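**Q** mind folding the following:
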Amino acid sequence: MATMQVQNGVVRQPQNGTQATMNNNTHREMTLGRSHSWAGIPAYPFPETVYPNFSANFTHLKDNLLGSKGVVVYNGRSATGLDCSWVLAWHAPINNTPPLPSNKVYVICGPKQIIAKMTLDQIQEALDKAYPSDTFTDQAIKTSVDGVIHDLVPDQATLVADFKLVP
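**A** All right, here's what the predicted structure looks like:
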């Protein structure tokens, strides 16, 4: 049975998973390229398509030992028409009360052929070194991604990602 933690006078409950919102600000359709769960499972399949100027949501349920840990890769096109990809990886441990590890997010974007060569081990290694927020811009193809994961809701992590094109 999980126990509650008290931090700064606030009762903290174990996290039951991750609620994610992905904002597509690319003005182009994005499609799911690949996904993986290291810990936990999606409550429903990850969204196959994130339409231009819309958001898509998913819930990733916890594993009883490691929490919620996964990655999604979405493919689309840059402003110049190049095939590109956006990576969103997260880890929401069951208990992230210090000194235990905090929630983490890792993001990267770039040419589809380069992102496709990234292994799950490489993504997990970068995620394990990450922080609760991350941002990445690829100036060469003019893409950008921001991600933040926090625990504003008592029993789950909230993940927000913005996929963008840059001028």
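
**Q** please make it C-alpha for all contacts and neighbour counts, starting now.
**A** Fine.

**Q** measure residue 150 to residue 54 for me?
**A** Note on residue 150: its distance to residue 54, by C-alpha to C-alpha, to the nearest Å, is 22 Å.

**Q** what does the longest helix along the chain rub up against?
**A** Counting residues, the longest helix in the chain under DSSP state H turns out to be helix 120-128. With contacts defined as C-alpha atoms under 8 Å, 6 or more residues apart in numbering, helix 120-128 is touched by 36, 89-91, 104-106.

**Q** how far does stretch 34-48 stretch from start to finish?
**A** 10 Å.

**Q** from here on, count from 34
**A** Let's use 34 as the start, then, which means that last one is stretch 67-81.

**Q** in that stretch, which residues are buried?
**A** 68, 70, 72-75, 79 (16 or more other C-alpha atoms under 10 Å).

**Q** so where is the protein shaky, pLDDT-wise?
**A** The model of the chain has pLDDT under 70 over residues 34-46, 129-133.

**Q** residue 116 reaches residue 144, doesn't it?
**A** Yes: assessed by C-alpha atoms under 8 Å, residue 116 is found in contact with residue 144 at 6.1 Å.

**Q** okay, those two: which has more neighbours?
**A** Each of residue 116 and residue 144 has its neighbours counted (other C-alpha atoms under 10 Å); residue 144 has more, 20 against 15.

**Q** the more buried one touches residue 113, doesn't it?
**A** No: look at residue 144 against residue 113 with C-alpha under 8 Å: they stay out of range, at 11.8 Å.

**Q** anything in contact with each of those two?
**A** Counting by C-alpha under 8 Å, 6+ apart, the residues touching both residue 144 and residue 113 are residue 174.

**Q** give me the distance between the residue nearest to residue 52 when sequence neighbours are not counted and residue 176.
**A** Nearest non-adjacent residue to residue 52, counting by C-alpha to C-alpha, 6 or more residues apart in numbering: residue 92, 4.6 Å away. Using C-alpha to C-alpha, residue 92 is found at 26 Å from residue 176.
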